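Student: Provided below are the primary sequence and the corresponding predicted coordinates.
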Amino acid sequence: MTDGSAAATSRQLLRVDDLRVEFDTDYGKVCALDGVSLAVEEGRTLGIVGESGCGKSITARSIMRLLPQNASITGGSIHYSAPDTAPVDVTALKPNGATIRQLRGNAFAMIFQEPMTSLSPVYTVGAQIMEAILLHTDLNRREARERAIEMLDRVNIPAPEKRVDAYPHQLSGGMRQRVMIAMALSCSPRLLIADEPTTALDVTIEAQILDLLQQMQAAENASLIIITHDLGVVAETADHVAVMYVGRVVESGTVQDVLGDPQHPYTRALLHSVPRIGAKARLSPVGGTVPSLLEMPRGCKFAPRCSVAKSICHSSEPPSFALAGGRSVKCWLHDQGGGTGR
Amino acid sequence: MLSFVIRRLLLMILMMIVISMVSFVIIQLPPGDWVTSYAAHLRAISSPASEATLEALRERYGLGEPVWRQYLFWVSGFPRGDFGIAMSMQDTPVADLVLPRFGMSLLLSLSTLVVVLGLAIPFGIIAAVNRNGPIDYLFSTVAFFALSIPSFIVALGILFISVFYFGAVSIGGLYDAQYMGEPMNWAKFKSTLEHMPGPMLAIGLGGLAGTMRIMRGNMLDVLSQQFIETARAKGLRERVVVVKHAARLAVNPIISRVGIHLPEIIGGEVIVSVILGLPTLGPLFLRAVLAQDMYLAGTIIMLFALILLIGNLLADLVLAWSDPRITYN
Ligand SMILES: Nc1ncnc2c1ncn2[C@@H]1O[C@H](COP(=O)(O)OP(=O)(O)OP(=O)(O)O)[C@@H](O)[C@H]1O
Ligand SMILES: [Mg+2]
C-alpha cells in the first residue's frame, strides 16, 4: 500500500508492510498472509473485513505477536511508533521477550470474539483486570483495584464495586465483553485490536458494545483496529478499511471511498447486496469458493471467482496499485502504467 | 456450604451402616466359619481338635447364632470403641490390632498421594508445554512402562534390588527391626520415613504415570482456550500464563479424581504391603479374611470405607474451593 495520502491523514501509529506469515502444517508450509500492508493512524479506526479464513485474525495476532506455535513471520515488517518513543519493528522482537511483553496489554491491547471463554473461570473479573494494571503500572494492589472498579464503571457495568468481585460465569456475554474492554483499556493502550468483538453477541448488545468501543476510543484517543465480517460495522465505526482476501489486502482506503466507490471486483461482490452505505448487512456469499491455501491459483487469487477477469489475471498476480486519496487496489483492471506485477 | 457438609456427613453415617452390614454378610458368605478354618489349621499341624472342643468354641464366639444377631452383637460395641475380638489372634481386641496399623496405612497412603500429585502435576505441565518435543516423548514413554507394570512386580523388584544390590539385612518392613513392637517415637518415626520411598514407589508408580498423562491432557485442553490468549495479551510472562492461568484450571479434574484415585492407592497398599511385609492394615486384612476372622476383617473393611468416604468428601470440598463455578447447596 502506498503512503503519502491526502489532506486528512494524521500521524501513523502502526504500519504493516508486506507481511508474510507461514504455517507449518502436516501438508507442508502454507502461506496464510502474503504481502499484507496496512496502516493505522493515531486516534483513528481501521476496519479489516473479509470472508472467514482470509487471515484477519492472523494479521491481528501478528501485531500482538500472539501467533500459534506452528506459525512464523517470514517477511515484512510491523512498525509501531508512539509519539514519545523510538519506533519498533514488532516482527524483529524476540517472541515472548521482555519488549513485546512490555507492549502487550500496555501499548497494544486486544479483545477477542468469544466473550464466554475470554476470561479465566477461576479468577474474579477484578483480579483479572488488576493483573494487567499491576504488571504495567506502579499502582499497588489497592490502587489497582480502585482502577479496576473505575474501568468497570466506565464501561457501564452497574454496581462496579460489587461486580469487581464477581466471577465471569456470573456475568452475561455482553457484560463479559464489557469486562474485556475494561481490561484492555485499563493501561491506556495506544492501539486496541478488537477481533470480531460482537460476532457472538445479539444485535442490541452488539450496538451497545460498538458504541462503547468508539466512546472509549475517543476518550483515550487510542487507535482501533476492528475486525469483522460485517460491512455495516465497518461503515458505522471505521475511518479506513482494508478488505482482505486469502491472506492479501485487495483494497484499502477511507471508508467513504472504498464502500462508496469500490474498485476491486471482490469488494464490489461483497457490497453487492448492500443497497447503500451505512445499511447493515452481513457479507452475502460471493459466487464460487475461497481457494484453499494449499491449492492457490497462480495469478490473482480472486480470478477464478471474478466476473471481469482478463487473461493476465489468471497468469500473474497483480501488485497493489495506488489510486488517488491514499487508496490502493490489488487488481489488474487498475494497471495504467503497464505494471508487470510481482 | 455448611449445610452441604452436614448433609454429606449424615449421608456418610448412613453409608457406613450399609457398608458394615454388607461387609459383614460378605465375610460370612463363604462356607464355614472361623472354627472351620481353625480346625483345618489344627489338622494341618496334625493335632486335630475334637468335635466337642470345636462346638465349644462356636458356642463361645456365638458363631452358631443367626447372622443378624452376630452383626448386632458386633456393632453394639462400636460406641464403646469395642470392635470385637480377633479370634484368630488369641482373642486380642480388634481395636488394639488395628489402630497402630491404621496409622501406618494412613501415613503411607497419604504420603503416596501427596508425592504422586506433587510429581504428576508438574510433570504433566512440563510434558504439555513441550508437547511433541523430546521431553514429552520421554515422559510419555516412561509413563507407558510405569502404567503397564503391576505394583506387585515393582514391589518384588524393590525387594530384589535392596537385597542383592544393597545387601539389606531385614527384608521389607517399614522401620528398622529394632523398633518392632515399640510404640511410636521420634527415632522410630525417622526410621519409618527412611523406609517409605520403596513402598511409595511400588504403590504410587502407576497412579503417578496415569495422573501425569491426565494432567498433560488437561493442560493441552486448557492451553488452547481463549482466556490463555487473553492472559498472554496482557503481557504476562509465559511461565505465569502456564502456571497461574492454565495449570490452575487444569488441576481441577485431578482434584476431583483424587476420590477415584484413593481406592487404587488403598488396593495397591494392600498388595504391596503383603509383599514387602509392611506393618499396615493390608497384611492383617489378608490374614483375617483367610482365617474368616469376621470381626477383624469387617472392622478393616469399614476403616477402608471410611478413608474413601472422607477422602471423597475432602476432594469435593477442595474442588468447590478451587473452582468457583461449583456451588453446593
Ligand atoms: N494453527 C494453524 N495452523 C494452520 N493453519 C492455520 C492455523 N491457524 C489459522 N490457519 C489458517 O490461516 C488462515 C487465516 O486464518 P484466520 O484465523 O486469520 O482467519 P480469519 O480471517 O480470522 O477468519 P474468521 O473470520 O473465521 O475468524 C486460515 O485459512 C486458516 O486455515
Ligand atoms: Mg478470526
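Tutor: Received, thanks. Residues are numbered from 1 along each chain as shown, chains lettered A, B, ... in the order given. Ligands and ions are numbered 1, 2, ... in the order given.
Student: who in the stretch 101-250 of chain A is up against chain B?
Tutor: Proximity of the stretch 101-250 of chain A to chain B (CB under 8 Å from any CB of the partner chain) is limited to residues A:101-106, A:109-110, A:112, A:114, A:117-122, A:128, A:131-132, A:135-136, A:167, A:169, A:180, A:183. Using the backbone N, CA and C atoms, a C-beta is placed for each residue, glycine as well.
Student: repeat that for 7 Å
Tutor: A:101-102, A:104-106, A:109-110, A:112, A:114, A:117-122, A:131-132, A:135-136, A:167, A:169 (CB under 7 Å from any CB of the partner chain).
Student: just the buried members of these?
Tutor: Burial by neighbour count, 16 or more other CB atoms under 10 Å in any protein chain shown: within those this picks out A:101, A:104-106, A:109-110, A:112, A:114, A:117-122, A:131-132, A:135-136, A:167.
Student: tell me which of those residues fall in helices.
Tutor: Cross-referencing those against helices under DSSP state H gives A:Arg101, A:Glu131, A:Ala132, A:Leu135, A:His136.
Student: contacts only, for the last one.
Tutor: Looking back up the chat, that one is A:His136. A:Gly105, A:Asn106, A:Cys187, B:Gly235 (CB atoms under 7 Å, 6 or more residues apart in numbering or on different chains).
Student: in terms of pLDDT, where does the first one sit?
Tutor: We note a pLDDT of 93 for A:Gly105 in this prediction.
Student: same deal with the third one?
Tutor: In the prediction, the pLDDT value recorded for A:Cys187 is 95.
Student: which element is the most centrally placed residue in chain B on?
Tutor: Note on chain B: the residue nearest the mean C-alpha position is B:Ile266, at 2.0 Å, using CA atoms, centre = their mean. B:Ile266 belongs to helix B:252-276 when assigned by DSSP states H and E.
Student: what residues sit buried inside that helix?
Tutor: Neighbour counts over helix B:252-276 (16+ other CB under 10 Å) mark B:252-259, B:261-262, B:264-266, B:268-276 as buried.
Student: can you pull the domain assignment for chain A?
Tutor: A:8-107+A:189-293, A:121-186 (automatic domain parsing).
Student: which of those comes out lowest on mean pLDDT?
Tutor: Among those, domain A:8-107+A:189-293 scores lowest, with a mean of 89.
Student: what about it and ligand 1, touching?
Tutor: Yes. Residues of domain A:8-107+A:189-293 contacting ligand 1 under CB under 6 Å from any ligand atom: A:23, A:25, A:32, A:50, A:52-58, A:68, A:70, A:229, A:293.
Student: can you give me the buried ones in the helix or strand harbouring B:Leu309?
Tutor: B:Leu309 is part of helix B:294-322 when elements are defined by DSSP H and E. By neighbour count with 16+ other CB under 10 Å, helix B:294-322 contains the buried residues B:294-305, B:307-309, B:311-313, B:315-317, B:319-320, B:322.
Student: now stretch B:63-70
Tutor: Buried, per 16+ other CB under 10 Å, within stretch B:63-70: B:Leu63, B:Gln70.
Student: stretch A:252-269 too?
Tutor: A:252-255, A:257-259, A:262-269.
Student: tell me how far that stretch lies from the chain's centre.
Tutor: 18 Å (CA atoms, centre = their mean, to the nearest Å).
Student: now do the same contact list for the closest residue to ligand 1 within the stretch 151-300 of chain A.
Tutor: Here the residue of the stretch 151-300 of chain A nearest ligand 1 is A:Leu293; by CB to the nearest ligand atom that distance is 5.3 Å. A:Leu293 is in contact with A:Val30, A:Cys31, A:Ala32, counting by CB under 7 Å, 6+ apart.
Student: what do you get for B:Val35?
Tutor: By CB under 7 Å, 6+ apart, the contact list for B:Val35 reads B:Leu54, B:Leu57, B:Arg58, B:Leu63.
Student: elements contacting the regular element (helix or strand) spanning the third one?
Tutor: This means B:Arg58. Applying DSSP H and E as the criterion places B:Arg58 in helix B:51-61. In terms of contacts (3 or more CB pairs under 7 Å, 6 or more residues apart in numbering or on different chains; DSSP states H and E), helix B:51-61 is packed against helix B:34-44.
Student: which parts of the helix it packs on are buried?
Tutor: B:Trp34, B:Val35, B:Ser37, B:Tyr38, B:Ala39.
Student: and those residues, which is closest to ligand 1?
Tutor: Distance ranking of those against ligand 1, using CB to the nearest ligand atom, places B:Ser37 first at 66.4 Å.
Student: correct me, but the closest one touches B:Gln292?
Tutor: Yes. Assessed by CB atoms under 7 Å, B:Ser37 is found in contact with B:Gln292 at 5.0 Å.
Student: list residues touching both of the two?
Tutor: Common contact partners of B:Ser37 and B:Gln292 (CB under 7 Å, 6+ apart): none.
Student: measure stretch A:165-174 end to end?
Tutor: Stretch A:165-174 has an end-to-end distance of 17 Å (CA to CA, to the nearest Å).
Student: returning to that earlier point: after the helix holding B:Ile266 comes which helix or strand?
Tutor: Sequence order places helix B:281-290 as the next helix or strand after helix B:252-276, per DSSP H and E.
Student: now that following helix: average pLDDT?
Tutor: The average of the pLDDT scores along helix B:281-290 is 91.
Student: and that helix, what's buried?
Tutor: Of the residues in helix B:281-290, those buried (16+ other CB under 10 Å) are B:Leu281, B:Gly282, B:Pro283, B:Leu284, B:Phe285, B:Leu286, B:Arg287, B:Ala288, B:Val289.
Student: dump those residues into TSV; add distance to B:Phe145 as well.
Tutor: Compiled in TSV, those are given as follows (distance: CB to CB, whole Å):
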residue	distance to B:Phe145
B:Leu281	29
B:Gly282	25
B:Pro283	28
B:Leu284	32
B:Phe285	30
B:Leu286	28
B:Arg287	33
B:Ala288	35
B:Val289	32
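Student: grab the nearest non-local neighbour of residue 173.
Tutor: Defaulting to chain A. A:Pro115 (4.8 Å; CB to CB, 6 or more residues apart in numbering or on different chains).
Student: hmm, no, I was thinking of chain B.
Tutor: Leaving out its chain neighbours, the residue that sits closest to B:Gly173 by CB to CB, 6+ apart is B:Gly277, at 5.9 Å.
Student: what's the burial count for the one you found?
Tutor: For B:Gly277, the count of nearby residues is 15 (other CB atoms under 10 Å in any protein chain shown).
Student: returning to that earlier point: what would the contacts of B:Val35 look like in a markdown table with pLDDT?
Tutor: Converted to a markdown table, the contacts of B:Val35 look like this (pLDDT from 0 to 100):
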| residue | pLDDT |
| --- | --- |
| B:Leu54 | 81 |
| B:Leu57 | 79 |
| B:Arg58 | 79 |
| B:Leu63 | 78 |
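Student: with respect to B:Leu117, which of these is nearest?
Tutor: B:Leu63 (44.7 Å; CB to CB).
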